[in-house]
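> Return atomic coordinates for the entry below.
(one chain, ligands or ions: 2)
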Amino acid sequence: MKWTTQCEAAIGRGDKKIVKDIKAVAQEAHDLLIKMASWTEDVDSVMARRKIEMMISLQVHQRDIVNELASLQRQKQLTDVQDFEWTKRMRTYYHLEDDIDEDEDEEESSKTQHDKNGKCVVSIAETSFEYQNEFLGCKERLVVTPLTDRCRVAIAQTFSMFQCSAPTGPAGTGKTETVKDLGRHLGHYVVVTNCTEQMRYSHCERIFRGLCTSGAWGCFDEFNRISSSVLSVIGHQMQAIMDAKASHESSTLSFPGDKKMTTVHDMCSIFVTMNPDYACRNELPENLKSLLRPMAMIKPDSEAIAKVKLCSNGFSDFVGLARKICALYEFCDSQLSIQPHYDFGLRSICSALEMMGHEKRGNKDEPEEHLTSRTLRDVIVPKLVKEDIKIFLYLLRDIFPEQDDLDNRSLSSKYQGAVKTVMSERNLYADKTWTSKIDELQNTLRIRHGVMVSGPPGTCDVGA
Ligand SMILES: Nc1ncnc2c1ncn2[C@@H]1O[C@H](COP(=O)(O)OP(=O)(O)O)[C@@H](O)[C@H]1O
Ligand SMILES: [Mg+2]
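Ligands and ions are numbered 1, 2, ... in the order given. Purely as a prediction, here's the structure:
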């Protein structure tokens, strides 16, 4: 809120002073960021750390916006607060109940906000959402990239036009997460439903009914898995909800073929995410096509995301490292053989970054390049097939030429002893490949929620 007011004050003042004012805001944002980065070093609890990480990612975003605004002003492309370059951002205001004027003065509001009732309003482009005050816990926030910004503007516009947003694109581009994150920003509850071929229209009707009465947002993940005949009925149900929302007089509706009346809350909305590439996906019926507004989410800005995540984990050379990590994943994607279980997308980059943060907290004095290359090797090698390991190590050495000990992976000393004891107790032969696989499994278990051991029969996967 403070940041929005500061920026608007700086933009709204006109003439040459703007640039100076924006610079002052930028400097303040930058100073705050450096201060925050130092906080991460001495927190122990997971909650506190997550909170600081979240604040850092928001702060980085605000700093970047301010810098961008400053350069736009220099080129005379931004002159007042109504410019799209500014309004496309997510802005937060505090509106007093009897206040009609949007651009209120900060001092005035701080004087009076204790005496009057007010509400917090989040605006994106021309749409304003009232903050919903729903407690959603201390969750991780997304890094706001240009793609996220674009997606938010599109969601806001579809919301105001009583349509449903449909982020579309390959897996792991942040479709589901962007919708959830926007909900978190608005303090609004988002229910995610994973759609399957077995879903019937009666299931959806029950979910829609809940969404309408509570006003929550519903995100139907992988929507085009549902079979075409069911989709066409769902299309009618969604159309009925949107019509009820659009006609302000009647806020109740009865679903097609059912007499029970349901009240429709203003805030309720439906999102669907789709992945057109998978096999067995169904074509959408015409009535749904007109209701859904597709948004292409093809390529996530992985480097920007990696940068912010590294920065919030206390890495100092986050720019260079982020570039190297993303380059490595891109090479892996293009150079290694094609296997059904390989995934070098954003999802695996995120889990590698999480592991790096974990390692960084454990080994504060280790050089960052070494720590990064070691962690990348530990995260990626376990899932590679034998032929690819050699190629991968070449790639890794190319990207981190100064690190010369990348081939010698030693068992972490903590488990080495334990593994040996158990092996001798059970009269097993401690083969080197096998013990290193056990170590890899242990490492993978630390960062993943679920692990799948795969391989041909007779490779001792259960025994390990
Ligand atoms: N802007 C972002 N900042 C941080 N992480 C992101 C961002 N976008 C996506 N991710 C991460 O990428 C992963 C995949 O996102 P998800 O929304 O599940 O993809 P999709 O629904 O497109 O398959 C998640 O782990 C999420 O945390
Ligand atoms: Mg998804």
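
> List the contacts of whatever residue of the stretch 251-400 of the chain ends up closest to ligand 2.
Going by C-beta to the ion, ligand 2 is nearest to residue 273 of the stretch 251-400 of the chain, at 5.2 Å. In short, each C-beta sits where N, CA and C put it, glycine included. Shown in contact with residue 273 (C-beta atoms under 8 Å, 6 or more residues apart in numbering): 166, 167, 168, 175, 176, 179, 219, 220, 221, 222, 223.

> can we see that at 6 Å?
Residue 273 makes contact with 167, 175, 176, 221, according to C-beta atoms under 6 Å, 6 or more residues apart in numbering.

> any idea which element the first one lies in?
Residue 167 is part of strand 164-168, with elements assigned from DSSP states H and E.

> how many other residues sit next to residue 88?
Residues contacting residue 88 under the criterion other C-beta atoms under 10 Å number 15.

> Could you report the neighbour count for the spatially closest residue to residue 78 that is not a sequence neighbour?
Closest residue to residue 78 apart from its sequence neighbours, by C-beta to C-beta, 6 or more residues apart in numbering: residue 72 at 4.2 Å. Using other C-beta under 10 Å, residue 72 has 17 other residues around it.

> Over to the one 5 residues further on?
In terms of burial, residue 77 registers 11 neighbours under the definition other C-beta under 10 Å.

> mind checking how far the nearest residue to it once chain neighbours are set aside is from ligand 2?
Here the nearest residue to residue 77 in space, its sequence neighbours aside, is residue 85; by C-beta to C-beta, 6+ apart that works out to 6.8 Å. In this structure, residue 85 lies at 30 Å from ligand 2, with C-beta to the ion, to the nearest Å as the measure.

> How about the secondary structure of the residue of the stretch 101-250 of the chain at minimum distance from ligand 2?
Ligand 2 sits closest to residue 176 of the stretch 101-250 of the chain, with a gap of 3.5 Å, by C-beta to the ion. Judged by DSSP: H, G, I helix; E, B strand; the rest coil, the three-state class of residue 176 is helix.

> Please report the distance of the residue minimising distance to the centre of the chain from ligand 1.
For the chain, the residue sitting closest to the mean C-alpha position, by C-alpha atoms, centre = their mean, is residue 142 at 3.7 Å. Here the distance between residue 142 and ligand 1 works out to 4 Å (C-beta to the nearest ligand atom, to the nearest Å).

> did I read that right, that residue in a strand?
No: when three-state DSSP is applied, residue 142 is found to be coil, with no strand at that position.

> quick one: it and residue 183 touch, right?
No: under the criterion of C-beta atoms under 6 Å, residue 142 makes no contact with residue 183, lying 11.4 Å away.

> residues in the stretch 51-200 of the chain within reach of ligand 1, list them.
Within the stretch 51-200 of the chain, the positions adjacent to ligand 1 are 142, 143, 145, 148, 171, 172, 173, 174, 175, 176, 177 by C-beta under 6 Å from any ligand atom.

> buried set for the longest helix anywhere in the chain?
Longest helix in the chain by number of residues, with DSSP state H as the criterion: helix 46-74. When neighbours are counted by 16 or more other C-beta atoms under 10 Å, the buried residues of helix 46-74 are found to be 49-50, 52-67, 69-70, 72-73.

> Identify the residues contacting whichever helix or strand comes after that helix?
Using DSSP H and E, the helix or strand that follows helix 46-74 in sequence is helix 84-87. Applying C-beta under 6 Å, 6+ apart, the contact partners of helix 84-87 are 72, 78, 125.

> The residue of the stretch 101-250 of the chain closest to ligand 2 touches residue 221, doesn't it?
Yes: assessed by C-beta under 6 Å, residue 176 is found in contact with residue 221 at 5.5 Å.

> so who does residue 336 touch?
Residue 336 makes contacts with residue 388, as judged by C-beta under 6 Å, 6+ apart.

> try residue 152
Taking C-beta under 6 Å, 6+ apart as the definition of contact, the neighbours of residue 152 are 124, 182.

> Could you check how far whatever helix or strand it lives in is from the centre of its chain?
Assigned by DSSP H and E, residue 152 falls within helix 146-160. Helix 146-160 has its average C-alpha position 14 Å from the chain's average C-alpha position, going by C-alpha atoms, centre = their mean, to the nearest Å.

> Over to stretch 152-168?
Averaged C-alpha coordinates place stretch 152-168 at 18 Å from its chain's average position (C-alpha atoms, centre = their mean).

> Stretch 363-374 too?
Average the C-alpha atoms of stretch 363-374, do the same for its chain, and the two points are 26 Å apart (C-alpha atoms, centre = their mean).

> Residue 270 falls within a strand, correct?
Yes: under three-state DSSP, residue 270 sits within a strand.

> what stretches of the stretch 201-350 of the chain score poorly on pLDDT?
Filtered on pLDDT under 70, the stretch 201-350 of the chain yields the residue ranges 249-250, 278-282.

> And the stretch 1-150 of the chain, by the same measure?
Where the stretch 1-150 of the chain drops to pLDDT under 70, the residues are 1-2, 6-23, 25-26, 29-30, 33, 36-44, 97-116.

> in which helix or strand would I find the closest residue to residue 318 other than its chain neighbours?
By the measure of C-beta to C-beta, 6+ apart, the closest residue to residue 318 outside its immediate chain neighbours is residue 310, 3.8 Å from it. Residue 310 is part of helix 302-312 when elements are defined by DSSP H and E.

> Also residue 450?
Short version, using DSSP H and E: residue 450 is in no helix or strand.

> So residue 430 lies in a helix, does it not?
No: membership of residue 430 in a helix is not supported by three-state DSSP, which gives coil.

> what's it in contact with, if anything?
Taking C-beta under 6 Å, 6+ apart as the test, what residue 430 contacts is residue 423.
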